[in-house]
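A.B. asks: Here is a sequence with its predicted model. Questions after.
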Amino acid sequence: MPRFLSIGRIERPIRSFPSHQHKTWELVLYTHGKGTATIGGEKYPFRRGTIICMPPDIPHSEDAPGGYRNFYIHTEAFDGAGKQVPVFQDSADRRWYRTAVLLRQEFHAREPGWEEATQDLFGLLLYHLERWRRPTNEHPIVAQLKAVLVERMHDSEFRVGTALRGLPMAPDHLRRVFTQAAGRTPGRYLAELRVAEARRLLNIGGFSVKEVAVRVGLPDPYYFSRVFHKVTGVRPSAFGKQGRGARGKGRG
């Protein structure tokens, strides 16, 4: 894996940065504003969430009339997969941004073990880029809705309809597009997420069915039991007993 070197951040919006170059790769995540990066004479537009991987020894500059902010990460090497200037877009739930925040904290705090922690976090950033490099036919709004459902799966106040209305597509059309792409409705997708988490907790043991129901966002134990049975074909109380029996045999 390429070695992580450093991370910095432009804290306050600036409108431009003069032409310069580095001896290392510079991976830039734009967190605010929109503008244009000029790299080796070629122009690359950016907006919030754009990630531009700038090669070493190539002059580059940035311009954004309304101002921009970014994270910039230096690494000794980077696999551009044949592209001179690889460009990506962060996920709807801002995975790259959130990981970059943690990376910056570890790098500057320099608590014991920070070298290993920063390299691991940098590896996670590279993993996301590699995953996004693979071609996918999934509609970006479907991916965005999936991210929302995962993010809010533990929230008992969350409603799928609210998520549908919060995305830039007519709710009924989005429901049809999602169902066609995922093979299940958004409501069923959320139910399966919650049941998968419930099964994990029941397998771990130490939680009552009522406690598990609360933890997965379905605090009514009777409704939780119906949802669990609909997805798995068994009641959560029976599943918990099966899990405990299997663990007991394993210890023998």
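C.D. replies: Okay, I see it.

A.B. asks: Just give the number of residues close to the closest residue to Leu174 other than its chain neighbours.
C.D. replies: Once flanking residues are discounted, Leu174 sits nearest to Leu164: 5.5 Å by CB to CB, 6 or more residues apart in numbering. All C-beta spots, glycine's among them, are computed from the backbone N, C-alpha and C. Applying other CB atoms under 10 Å, we find 19 residues neighbouring Leu164.

A.B. asks: so where's the stretch 51-200 of the chain uncertain?
C.D. replies: Applying pLDDT under 70 to the stretch 51-200 of the chain flags the ranges 80-83, 135-136.

A.B. asks: All the helices of it, in order from the start?
C.D. replies: Along the stretch 51-200 of the chain, counting by DSSP state H, counting those that start in this stretch, helices occupy 95-109, 114-133, 140-152, 160-165, 171-182, 186-204.

A.B. asks: Could you measure from the residue nearest to His32 when sequence neighbours are not counted over to Leu29?
C.D. replies: Nearest residue to His32 in three dimensions, chain neighbours excluded: Arg69, at 4.0 Å (CB to CB, 6+ apart). Per CB to CB, to the nearest Å, Arg69 is found 10 Å from Leu29.

A.B. asks: neighbour-wise, which of the two wins?
C.D. replies: Taking other CB under 10 Å, Arg69 and Leu29 do not tie; Leu29 has more neighbours (25 against 17).

A.B. asks: Mind telling me which residue is nearest the centre of the protein?
C.D. replies: In the chain, the centroid-proximal residue (CA atoms, centre = their mean) is Arg95; its distance is 3.2 Å.

A.B. asks: Test my guess that that residue contacts His128.
C.D. replies: Yes - judged on CB atoms under 8 Å, Arg95 makes contact with His128 at a distance of 5.8 Å.

A.B. asks: Pull out the buried residues from stretch 139-159.
C.D. replies: Buried positions in stretch 139-159, judged by neighbour count with 16 or more other CB atoms under 10 Å: Ile141, Val142, Gln144, Leu145, Lys146, Ala147, Val148, Leu149, Arg152, Met153, Phe158.

A.B. asks: nope, stretch 219-235 is what I was after
C.D. replies: Buried-residue list, stretch 219-235, by 16+ other CB under 10 Å: Pro221, Phe224, Ser225, Val227, Phe228, Val231, Thr232.

A.B. asks: Equivalent analysis for stretch 183-199, please.
C.D. replies: Pro186, Arg188, Tyr189, Leu190, Ala191, Glu192, Leu193, Arg194, Val195, Glu197, Ala198, Arg199.

A.B. asks: Throw those into TSV and include distance to Ala170, thanks.
C.D. replies: Shown next, in TSV, are the buried residues of stretch 183-199 (distance: CB to CB, whole Å):
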residue	distance to Ala170
Pro186	14
Arg188	20
Tyr189	19
Leu190	20
Ala191	23
Glu192	24
Leu193	24
Arg194	26
Val195	29
Glu197	30
Ala198	32
Arg199	34
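
A.B. asks: just to revisit the earlier point, reformat the helices of the stretch 51-200 of the chain as JSON lines; add distance to Arg48.
C.D. replies: Output for the helices of the stretch 51-200 of the chain, formatted as JSON lines (distance: least, CB to CB, whole Å):
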{"stretch": "helix 95-109", "distance to Arg48": "9"}
{"stretch": "helix 114-133", "distance to Arg48": "16"}
{"stretch": "helix 140-152", "distance to Arg48": "14"}
{"stretch": "helix 160-165", "distance to Arg48": "21"}
{"stretch": "helix 171-182", "distance to Arg48": "22"}
{"stretch": "helix 186-204", "distance to Arg48": "25"}
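
A.B. asks: Tell me which of the ones you listed sits nearest to Val212.
C.D. replies: helix 186-204 (4.8 Å; CB to CB).

A.B. asks: ok now the closest one, how far from the chain's centre?
C.D. replies: Distance of helix 186-204 from the chain centroid (CA atoms, centre = their mean, to the nearest Å) equals 19 Å.

A.B. asks: what's the angle between that helix and helix 171-182?
C.D. replies: Using axes from the mean of the first three to the mean of the last three CA atoms, to 10 degrees, the inter-axis angle of helix 186-204 relative to helix 171-182 is 50 degrees.
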